[in-house]
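S.K.: how would this look folded up:
(one chain, ligands or ions: 1)
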Amino acid sequence: MPRLRLRHAVRAALAALVPLALLGASTGPAHSAPEAAWPEPVPVVSHVETTDPVVFITIDDGWHHDPAAAKLLLDRRVPASLFLLPGAYSYDSGYFHTLLNQGRSRVENHTVNHPDLTALDAAGQQAEICGARDRHLARFGDGPRLLRPPYGTYDATTRTAARACGAKAVVTWTHDLTTWGSWTPPTPQLKAGDIILLHFNETVTQDLERALDLAEAAGLTPAPLREYVPE
Ligand SMILES: [Zn+2]
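M.R.: Numbers count the residues shown, from 1 in each chain. Next up, the predicted model:
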């Protein structure tokens with residue numbers, strides 16, 4: 001197919017999906033619809049500009065359902081952003097239902113299959129992002145509004161596809177505080193608006209405790225990231 005026609009075909013396919021995205025987003029709070037059929041690329045956020053003394057706790061993937069981590073999130077009323085993979089709640093969604101229903105956590109978008117999105121074309125990226133949105137919505141009754149691309153890798157197409165799938169931002173991170181095996185991440189000096197990355201792995205509870213202690217030492221309180229990212 002000639003490149004020009006291919007581009008038209010992709011554009012038409014994306015445009016056809018926009019009404020679906022708007023339909024999905026219309027249940028969310030204060031959503032303003034983009035006027036153009038071709039969606040505007042969403043911003044990329046690695047740190048939130050704010051003078052509020054807040055930090056943002058984000059936890060990715062969701063494979064290890066650690067009861068102690070859930071207890072900590074609930075006891076401390078932490079408004080965590082959970083960038084879950086549908087496969088990680090397919091065998092036990094109760095763990096996350098409890099966090100959503102009894103706590104302040106929200107489920108956000110981390111794609112369906114955790115690919116490097118930059119290796120996919122527009123249709124492939126949209127399938128990954130809208131697919132995860134649809135599964136989250138069906139399972140939890142709440143559509144994600146933030147997209148964290150796997151490995152933090154994204155391109156211009158990711159930002160457009162994210163908008164078409166109801167996201168308002170691509171979110172990376174300021175500090176990765178995940179412990180992997182015997183490797184412990186360095187201790188950062190946290191600042192207002194920093195986004196902390198954790199994972200639901202074997203050390204999630206100690207990593208979460210460490211993040212909360214660092215925040216407290218810096219005079220910062222965890223806040224809901226979705227509400228700090230503008231529409
Ligand atoms: Zn991940």
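S.K.: after the longest strand seen in the chain comes which helix or strand?
M.R.: Scanning the chain for the strand with the most residues, using DSSP state E, yields strand 54-61. Using DSSP states H and E, the helix or strand that follows strand 54-61 in sequence is helix 67-75.
S.K.: Please save the CA atoms from that next one in CSV.
M.R.: Presented in CSV, the C-alpha positions along helix 67-75 are these (Å, rounded to 0.1, in the frame of the first residue of the first chain):
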residue,chain,number,x,y,z
PRO,A,67,-1.4,-8.8,51.7
ALA,A,68,1.0,-6.7,53.8
ALA,A,69,1.3,-4.1,51.0
ALA,A,70,-2.5,-3.9,50.7
LYS,A,71,-2.8,-3.5,54.5
LEU,A,72,-0.2,-0.6,54.4
LEU,A,73,-2.0,1.1,51.5
LEU,A,74,-5.3,0.8,53.3
ASP,A,75,-4.1,1.7,56.9
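S.K.: CA atoms only for the longest strand of the chain, dumped as CSV, please.
M.R.: Presented in CSV, the C-alpha positions along strand 54-61 are these (Å, rounded to 0.1, in the frame of the first residue of the first chain):
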residue,chain,number,x,y,z
VAL,A,54,2.8,16.2,47.8
VAL,A,55,4.3,13.1,46.2
PHE,A,56,2.7,10.5,44.0
ILE,A,57,3.0,6.7,44.7
THR,A,58,2.6,4.6,41.6
ILE,A,59,2.8,0.8,41.6
ASP,A,60,3.2,-1.2,38.3
ASP,A,61,2.3,-4.5,36.8
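S.K.: pLDDT averaged over it - what is it?
M.R.: Averaged across strand 54-61, the pLDDT comes to 98.
S.K.: cool, stretch 189-200 as well?
M.R.: The predicted model assigns stretch 189-200 a mean pLDDT of 98.
S.K.: where does this protein have low pLDDT?
M.R.: Applying pLDDT under 70 to the chain flags residues 1-37.
S.K.: Quick one: work out the angle between the longest strand of the chain and helix 67-75.
M.R.: 150 degrees (axes from the mean of the first three to the mean of the last three CA atoms, to 10 degrees).
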